[in-house]
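Undergrad: this one's structure only:
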């Protein structure tokens with residue numbers, strides 16, 4: 001009976017126009033428009049030296065030495081620093097000759113005209129300096145013998161900005177927009193899953209009444225629906241990946257691992273849709289909750305508005321560890337930026353564990369449904 005359910009679930013899903021549009025046509029169309037809009041912006045600007053003006057307001061030898069390290073000439077140079085007065089620095093910033101003004105003070109800070117990728121890099125450098133500098137100060141007060149290790153930490157912190165990663169992935173900042181397409185595409189598989197789970201509930205549809213009369217257990221029925229949806233969604237994601245690759249988007253060299261991200265991403269989207277459909281009996285309401293949930297998770301993951309994920313990481317980091325949208329996009333990021341797989345494996349394991357937990361909860365909810373008559 002499992003294969004019977006699996007086969008007919010495949011057939012009905014492939015005839016579902018919503019599935020084809022939201023999970024295949026829409027991502028491909030959006031990816032095409034994004035690629036055309038970016039045009040020749042697809043170039044590696046990650047390591048271009050950033051021109052900045054430096055204004056010394058008060059002496060801070062430690063920070064000034066850090067700036068010298070960042071301004072060392074060579075292919076790993078991060079900034080091109082020009083020391084000038086505050087008035088000249090502001091004029092340079094207004095004329096867009098520099099990306100930012102960095103003020104040397106007891107607590108360094110910077111000024112920019114607008115948010116940009118390069119401004120974000122500079123902001124991150126300043127935050128890293130403040131964090132490491134505070135740690136070194138605390139160590140100096142409490143345990144001066146460990147100052148040597150603290151200095152090594154500072155050096156390592158500076159090196160992460162002054163040397164290229166050994167990762168074989170694509171580090172182009174613009175590629176992250178395409179990670180968002182895959183994350184949202186995987187999550188919107190919840191819409192189809194939500195419709196499917198209502199088709200096996202007697203109080204939701206006439207088809208559900210007939211299916212509830214079958215001798216199948218809820219576990220077999222739900223797993224058959226889940227696996228059929230997963231197969232279709234995974235193939236759709238592979239088609240999208242192949243299309244965008246042929247179009248010219250560089251996703252790096254780890255295509256097998258990218259395929260795993262898409263598999264587990266589709267899995268969590270479907271599992272979430274099944275759970276919502278199992279808990280919310282009204283199909284229209286559950287569909288609305290699905291859409292609202294997917295959009296909310298996408299916003300938290302910076303897939304629509306920049307800066308929110310960073311704030312969450314600072315205030316409530318656990319949300320970034322369990323948000324499916326964040327985990328999917330971050331898995332792509334981890335493959336293309338880091339030279340180890342620790343972060344990638346953690347994300348994939350979390351997605352897999354959450355999918356299993358959601359399916360088990362859904363089955364338990366559906367098994368508790370009782371009907372007075374059919």
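TA: Ah, there it is. These figures come from a predicted structure and were not determined experimentally. Residues are numbered from 1 along each chain as shown.

Undergrad: ok, the closest residue to residue 90 other than its chain neighbours - how many residues close by?
TA: Nearest non-adjacent residue to residue 90, counting by CB to CB, 6 or more residues apart in numbering: residue 101, 6.9 Å away. Yep, even glycine has a C-beta here, placed from its N, CA and C like the rest. As a burial measure, residue 101 scores 21 neighbours (other CB atoms under 10 Å).

Undergrad: who does the helix or strand harbouring residue 101 pair up with?
TA: Taking DSSP states H and E as the criterion, residue 101 maps to strand 100-104. Strand 100-104 pairs in its sheet with strand 50-56 (parallel), strand 109-111 (antiparallel), by DSSP bridges.

Undergrad: show me which parts of the longest helix seen in the chain are buried, residue by residue.
TA: Counting residues, the longest helix found in the chain (DSSP state H) is helix 218-247. Residues of helix 218-247 classed as buried: 218, 220-234, 236-237, 240-241, 244 (neighbour count, 16 or more other CB atoms under 10 Å).

Undergrad: of the strands paired with strand 100-104, which stretch is the most buried?
TA: strand 50-56 (a mean of 21; mean count of other CB atoms under 10 Å).

Undergrad: just checking, next helix/strand downstream of it?
TA: With DSSP H and E, the next secondary element past strand 50-56 is helix 61-70.

Undergrad: which residues touch the helix or strand following that following helix?
TA: The helix or strand immediately downstream of helix 61-70 is strand 79-83, counting by DSSP H and E. Contacts of strand 79-83 with the rest of the structure, by CB atoms under 8 Å, 6 or more residues apart in numbering, involve 49-56, 67, 70-71, 92, 98, 102, 122.

Undergrad: residue 113 belongs to a helix?
TA: No: under DSSP: H, G, I helix; E, B strand; the rest coil, residue 113 sits outside any helix and is assigned coil.

Undergrad: re the thing from before, measure the residue nearest to residue 90 to residue 81 for me?
TA: According to CB to CB, to the nearest Å, residue 101 stands 11 Å off from residue 81.

Undergrad: swap in residue 186?
TA: 43 Å.

Undergrad: more crowded one of the two?
TA: Of the pair residue 186 and residue 81, residue 186 is the one with more neighbours under other CB under 10 Å, namely 30 against 19.

Undergrad: following element in sequence after the helix or strand hosting the more buried one, please.
TA: Assigned by DSSP H and E, residue 186 falls within helix 176-187. The first helix or strand that comes after helix 176-187 along the chain, using DSSP H and E, is helix 189-198.

Undergrad: what's that following helix packed up against?
TA: helix 2-14, helix 17-20, helix 218-247, helix 255-279, helix 283-300 (3 or more CB pairs under 8 Å, 6 or more residues apart in numbering; DSSP states H and E).

Undergrad: now tabulate those helices in CSV and tack on distance to residue 118.
TA: Conversion of the helices and strands packed on helix 189-198 to CSV gives the following (distance: least, CB to CB, whole Å):
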stretch, distance to residue 118
helix 2-14, 45
helix 17-20, 40
helix 218-247, 26
helix 255-279, 27
helix 283-300, 25
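
Undergrad: weakest of those by average pLDDT?
TA: Least confidently modelled of those is helix 17-20, at a mean of 74 by mean pLDDT.

Undergrad: mind checking which helix or strand of this protein has the lowest mean pLDDT?
TA: helix 147-162 (a mean of 52; mean pLDDT, DSSP states H and E).

Undergrad: ok so, going back, now, the most widely separated pair of the contacts of strand 79-83?
TA: 49 and 56 (20.5 Å; CB to CB).

Undergrad: quick one, what contacts the residue nearest to residue 13 when sequence neighbours are not counted?
TA: Among residues not flanking residue 13 along the chain, residue 232 sits closest, at 5.3 Å (CB to CB, 6+ apart). By CB under 8 Å, 6+ apart, the contact set of residue 232 is 10, 13, 14, 19.

Undergrad: list the residues that contact the second one.
TA: Neighbour list for residue 13: 19, 192, 196, 228, 229, 232 [criterion: CB under 8 Å, 6+ apart].

Undergrad: and the chain, what are its domains?
TA: 2-40+170-367, 50-162 (automatic domain parsing).

Undergrad: deepest-packed of the ones you listed, please.
TA: domain 2-40+170-367 (a mean of 18).

Undergrad: now the end-to-end length of that one.
TA: 17 Å (CA to CA, to the nearest Å).

Undergrad: ditto for stretch 312-323
TA: 11 Å.
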